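Chemist: Need a 3D model of the sequence below.
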Amino acid sequence: MGVEDADARLEEPKDPSHGDLATNVALTLAKKLGRSPRVIAEEIAEEITSRISSHIDTEDFGIESVSVAGPGFLNFKLSSGQVASGLMEIIAADDNYGRSVEGGGESLMVEFVSANPTGPMHLGHARQAALGDAIAGLLDWTGWSVSREFYYNDAGAQIDRLAESVGARYQQHFGQDAEIPEGGYQGDYIREIAADLAEEHGDRFVEDPLSEEALDVMRETAVRMLREEQDRDLSDFGLHFDVYFLESSLYENGQVESTAAALRESGKVYDLDGAVWLRTTEYGDQKDRVMIKSDGSPTYFLPDVAYHMGKWGRGFHQAINVQGADHHGTVARVQAGVQALGLPEGYPEY
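Modeler: Numbering: from 1, shown residues only. Next comes the predicted model:
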């Protein structure tokens with residue numbers, strides 16, 4: 001037809017009855033040729049049909065038939081020999097079918113599930129587990145050096161509320177009048193943790209359940225027991241993680257503090273109403289975000305930025321996070337935080 005730069009693309013039709021492959025090339029040629037796409041498609045189909053009928057071995061040709069549909073779509077039905085040749089390839093490759101070296105052995109992290117150790121896992125976590133493990137498996141199969149990571153949010157206000165909730169149930173266990181704090185955790189599993197504490201420590205903390213020592217024990221015991229339960233659930237689900245990373249370690253080794261200092265040095269931080277803000281709007285966020293609250297405590301996204309800077313520092317310049325819908329709001333601010341510290345746009349991927 002005299003067109004040298006024709007954009008011919010083959011796709012699988014949504015409706016299998018339309019054939020095995022389809023193309024809209026006639027529609028893309030219509031403007032260049034100044035002709036009806038339907039007429040162009042019919043001419044192409046006629047030429048292909050002619051070649052099929054004149055071919056000695058139609059199986060070798062690979063196409064059984066071609067038809068025109070709608071305004072000018074071409075639908076192809078593959079010959080049985082062509083389909084069988086694909087099966088032979090699969091059989092010959094055996095367990096290695098689909099494997100490739102596309103990733104070139106480059107390190108890549110997939111972080112998924114990362115459930116807070118404040119309660120049992122639910123179906124949403126199971127979805128993330130299945131999705132994350134499938135993504136990690138596909139990447140591993142295509143030549144990436146994949147590390148599966150679980151990030152435990154075992155620090156911050158939510159863990160303090162967990163400890164206080166266990167403390168209240170611990171007091172109730174010994175007949176004391178105590179209430180779960182506002183925003184605390186009400187589940188029966190809190191009673192179970194409190195009962196274990198009572199068995200191990202007796203009434204040692206009843207008189208002063210909010211002492212630093214008491215809350216440390218409540219916090220440590222609750223997180224440990226809930227992590228153990230989560231680990232059992234993940235194991236029953238057939239999941240294996242290469243790394244279990246603790247948020248608390250970011251505070252212990254000074255990474256949260258050093259990240260806050262680095263962000264301030266970047267010039268992307270300002271003070272307002274006693275709080276420290278990060279100019280996340282410069283990186284596409286809807287509004288600037290509080291990084292450190294007026295009471296001096298960090299918001300949850302500051303340790304997240306520190307954690308992802310650590311990922312990069314560990315050599316994972318490709319990182320994918322599989323998160324639930326309740327975490328989608330954190331995407332822009334975390335990406336903004338790491339960009340402010342020099343990492344590329346779009347890191348990590350979600």
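Chemist: For this structure, which segments are assigned as strands?
Modeler: 21-23, 63-69, 73-78, 107-112, 145-152, 243-246, 269-272, 275-278, 289-292, 319-322 (DSSP state E).
Chemist: The fourth one pairs with which strands?
Modeler: Paired strands of strand 107-112, with direction, are strand 145-152 (parallel), strand 319-322 (parallel) (DSSP bridges).
Chemist: and the residue of the chain positioned farthest from its centre, how far is that from Glu47?
Modeler: The outermost residue of the chain relative to its centre, with distances by CA atoms, centre = their mean, is Ser54 at 52.6 Å. As defined by CB to CB, to the nearest Å, Ser54 lies at a distance of 11 Å from Glu47. C-beta coordinates here come from the backbone N, C-alpha and C atoms, glycine included.
Chemist: same deal with Ala319?
Modeler: 50 Å.
Chemist: Those two: which is more packed in?
Modeler: The neighbour comparison of Ala319 against Glu47 (other CB atoms under 10 Å) goes to Ala319, with 22 against 12.
Chemist: For that one, list each beta-bridge partner.
Modeler: Met109.
Chemist: isn't it right next to Leu108, touching?
Modeler: Yes: contact criterion CB atoms under 8 Å: Ala319 and Leu108 qualify, at 7.1 Å.
Chemist: which of the strands of the chain sits most buried?
Modeler: Highest mean neighbour count of the strands of the chain: strand 107-112, a mean of 23 (counted as mean count of other CB atoms under 10 Å).
Chemist: which other residues reach that strand?
Modeler: If you take CB atoms under 8 Å, 6 or more residues apart in numbering as the criterion, strand 107-112 is touched by 128-129, 131-133, 135-136, 139, 144-151, 311, 315-323, 348.
Chemist: Please apply the same query to stretch 11-18.
Modeler: 19-23, 69, 75.
Chemist: Quick check: of those, which lies closest to Glu102?
Modeler: Leu21 (23.7 Å; CB to CB).
Chemist: How about the contacts made by the closest one?
Modeler: Residues counted as contacts of Leu21 (CB under 8 Å, 6+ apart) are 10-13, 75-76, 78.
Chemist: contacting residues around Glu179?
Modeler: So Glu179 contacts Ala168 (CB under 8 Å, 6+ apart).
Chemist: Apply 10 Å and report the result again.
Modeler: If you count contacts by CB atoms under 10 Å, 6 or more residues apart in numbering, Glu179 has them with 165, 168, 171-172.
Chemist: and Ser211, what is it in contact with?
Modeler: 167, 205, 217.
Chemist: how about JSON lines for the residues you listed, with distance to Tyr307 added?
Modeler: Shown next, in JSON lines, are the contacts of Ser211 (distance: CB to CB, whole Å):
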{"residue": "Gly167", "distance to Tyr307": "28"}
{"residue": "Phe205", "distance to Tyr307": "32"}
{"residue": "Val217", "distance to Tyr307": "26"}
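Chemist: Mind checking which of those are in helices?
Modeler: 167, 217 (DSSP state H).
Chemist: pLDDT value on Lys14, please?
Modeler: We have a pLDDT of 89 for Lys14.
Chemist: Spell out for me which residue occupies the centre of this protein.
Modeler: Note: the chain centre (CA atoms, centre = their mean) maps to Val322, 1.3 Å.
Chemist: hmm, back to that, output the contacts of stretch 11-18 in TSV, with distance to Tyr185 appended to each entry.
Modeler: Below are those laid out as TSV (distance: CB to CB, whole Å):
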residue	distance to Tyr185
Gly19	57
Asp20	55
Leu21	55
Ala22	55
Thr23	57
Ala69	59
Asn75	58
